[in-house]
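>>> Predicted structure and sequence below. I'll ask about it afterward.
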Amino acid sequence: MSSTAGLTSFSYVVLVLVGEGGAGPHDLVRMMRQGAWSYWSSSQSQYYAEPKRLEKLGYLRSSKQPGRTHERTAYALTDAGRAALREWLGTPATFPRIQNEGVIRLLGAEFADDATVLEGLSGLRGDIAAGRAWLERAAEIEPTLPHRERALRLNRRLASRMLDAQEAWLDEVEAELGGP
């Protein structure tokens with residue numbers, strides 16, 4: 001039997017985030033919120049359900065730990081979880097799936113005048129600025145996670161280039177459609 005039986009792409013996200021230090025579902029949700037530019041398209045509830053499923057499959061084990069107000073569940077990798085990660089890390093990564101609402105809005109430009117399309121795209125500037133602010137905060141956090149600092153730095157640089165590309169695309173669209 002393969003060490004990856006029953007695992008999905010999201011399963012690997014959870015296994016990586018649990019890592020050697022362990023994590024509870026609330027930790028996974030916090031990491032999801034902090035790393036929203038990386039991968040996270042799953043709902044918050046999945047970060048509570050997936051660790052339980054992975055435990056049943058033998059990839060994680062749980063323990064009860066004291067929390068601020070009540071006992072909390074923490075998960076740790078099992079040997080099977082580590083083996084599954086090692087196997088998965090050696091498989092070819094696929095090209096990223098990108099959901100870009102702005103691209104679809106531009107594609108639908110035949111149904112509205114250019115000013116309306118530009119108005120619909122105008123919110124992207126604020127999102128790009130928010131993304132840049134998030135990246136500045138991420139850079140400050142990196143040194144506090146020495147076991148992941150290199151990966152976080154490289155991923156942050158990718159996210160920065162993605163923001164640059166989105167901004168350049170938006171500049172081009174605005175110039176073509178007669179925007180600001």
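That came through, no problem.

>>> Torsion angles phi and psi at the residue sitting furthest away from the middle of the chain?
Distance from the C-alpha centroid of the chain, by C-alpha atoms, centre = their mean, peaks at residue 113 (34.7 Å). With angles defined as degrees, to the nearest 10, residue 113 sits at phi -80, psi 160.

>>> count of residues packed around the residue lying closest to residue 109 once chain neighbours are set aside?
Distance criterion C-beta to C-beta, 6 or more residues apart in numbering; nearest residue to residue 109, sequence neighbours excluded, is residue 117 at 4.7 Å. Where C-beta positions appear, they are placed from N, C-alpha and C, glycine not excepted. By other C-beta atoms under 10 Å, the residues close to residue 117 number 20.

>>> Moving along the chain from the helix or strand harbouring residue 117, name the first helix or strand you hit.
Using DSSP states H and E, the element containing residue 117 is helix 114-121. Scanning forward in sequence from helix 114-121 by DSSP H and E, the next helix or strand is helix 123-141.

>>> And the closest residue to residue 163 other than its chain neighbours, how close does it get to residue 89?
When the adjacent residues along the chain are set aside, residue 163 lies closest to residue 131, with 4.9 Å between them (C-beta to C-beta, 6+ apart). Separation of residue 131 from residue 89 (C-beta to C-beta, to the nearest Å) stands at 27 Å.
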